[in-house]
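>>> need a 3D model of the sequence below.
(one chain, ligands or ions: 1)
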Amino acid sequence: MAYYKTAGIVLRRTNLGEADRIVTFITPEFGKLRAVARGVRRIKSRLAGHLELFGEVQLMLATGRSLDVITSARLERSAEAISGDYGRLSASYLFAEMIDRLAGEGHPQPQLYDCARSSYAELVGRGADGLLELWFKLRLASVLGYRPHLDSCTLCREQAGEEYWFSCEAGGIVCRSCSTTRRPLSPNQIKLWRLLLDHPLEPVRRVQGAAAAAAASLAVCDEFYDYTFGKRFKSSQLL
Ligand SMILES: [Zn+2]
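Just a heads-up that it's a prediction; the model follows:
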């Protein structure tokens, strides 16, 4: 049996048998990782307090026949602040569901892990809002290889000044003559999306009008996900 270590964030937990659980993590080295926590539902379990939902943990695992087995876990950052707050909780479930359904298994995904880690740190420290949700969604799309094109018309590369629409099919903004849909993205919203893709969230929060521009353009980002991944993710802001 081989042992290995990794950091991880708990995305999901499913009961298995009488006392075990299958825990799904996002990790930097192995992408999405599913492993068994044996006996974790027993009162005396040493693992139990360390594998809380959305917590950040250091893990030791042993390779198993079908699933690997968690031999030890140390909680690095608790997600306790999330559990008592409805807004934080619904954003946490949404982020976890999106990562769980879109992340690959068995190969390194350090950028995806960083995206998850900083988003959950925000949720624990500050709470949920539309700006964080848009930041998470744009970054996740970007690390999965679907960064929206926002510099010029995606189709003809024309710089169209102030007038742009968003095309899910083209994967970015398009000018009036290339546009086939009525999904406008204002200059402020385009600017905000660029900032969110290239900067940490904290400085973007200080940009005037950022919260309003995020709230007004979140639905466009959701449509982009529906189209690109063929999966419908609810917006936590609408729950
Ligand atoms: Zn064009």
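
>>> contacts only, for residue 113.
By C-beta atoms under 8 Å, 6 or more residues apart in numbering, the residues touching residue 113 are 7, 9, 26-28. For the C-beta atoms, the positions are set from N, CA and C on the backbone; glycine is no exception.

>>> what packs against the longest strand that the chain contains?
Looking across the chain with DSSP state E, the single longest strand is strand 3-16. On a contact count with 3 or more C-beta pairs under 8 Å, 6 or more residues apart in numbering; DSSP states H and E, strand 3-16 meets strand 20-27, strand 31-37, strand 56-62, helix 86-102, helix 110-125.

>>> quick one, which of these is nearest to the ion?
Comparing the helices and strands packed on strand 3-16 against the ion with C-beta to the ion, the closest turns out to be helix 86-102 (29.0 Å).

>>> same question for the closest one, mean pLDDT?
Throughout helix 86-102, pLDDT has a mean value of 95.

>>> contact partners of it?
Contacts for helix 86-102 (C-beta under 8 Å, 6+ apart): 11-12, 24, 26, 32, 53-54, 79, 81-83, 112, 116, 119-120, 123-124, 127-129, 132-133, 136-137, 140, 144, 229, 231, 233-236, 239.

>>> let's see it at 7 Å
Under the criterion C-beta atoms under 7 Å, 6 or more residues apart in numbering, residues 11-12, 24, 26, 32, 54, 82-83, 116, 119, 123, 127-128, 133, 136, 140, 144, 229, 231, 233-234, 236, 239 lie in contact with helix 86-102.

>>> now the buried members of these.
When the contacts of helix 86-102 are checked for burial by 16 or more other C-beta atoms under 10 Å, the buried set is 11-12, 24, 26, 32, 54, 82, 116, 119, 123, 128, 133, 136, 140, 144, 233, 236.

>>> and the helix or strand hosting residue 204, C-alpha only, in CSV?
Using DSSP states H and E, residue 204 sits within helix 201-205. What follows is helix 201-205 as a C-alpha-only set of coordinates in CSV (Å, rounded to 0.1, in the frame of the first residue of the first chain):
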residue,chain,number,x,y,z
LEU,A,201,-11.1,40.4,-5.5
GLU,A,202,-10.1,42.9,-2.7
PRO,A,203,-8.9,45.8,-5.0
VAL,A,204,-11.8,45.2,-7.4
ARG,A,205,-14.2,45.7,-4.5
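
>>> tell me what it is packed against?
Packing contacts for helix 201-205, counted by 3 or more C-beta pairs under 7 Å, 6 or more residues apart in numbering; DSSP states H and E, involve helix 130-143.

>>> who touches the helix it packs on?
For helix 130-143, contacts defined as C-beta under 7 Å, 6+ apart pick out 91, 95, 98, 111-112, 115, 119, 122, 147-148, 193, 196-197, 201, 205, 210-211, 214-215, 217-218, 221, 225, 235-237.

>>> right, and the helix or strand after it?
strand 165-167.

>>> now the helix or strand that that next one is followed by: average pLDDT?
Remark: after strand 165-167, the chain's next helix or strand is strand 172-174, criterion DSSP H and E. Mean pLDDT, strand 172-174: 95.

>>> mind listing what's buried in stretch 108-122?
Quick answer for stretch 108-122 (16+ other C-beta under 10 Å): 109, 112-113, 115-120, 122.

>>> okay if I get the helices and strands packed on strand 3-16 as CSV plus distance to residue 180?
Listed next are those as CSV, based on distance: least, C-beta to C-beta, whole Å:
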stretch, distance to residue 180
strand 20-27, 36
strand 31-37, 36
strand 56-62, 44
helix 86-102, 27
helix 110-125, 31
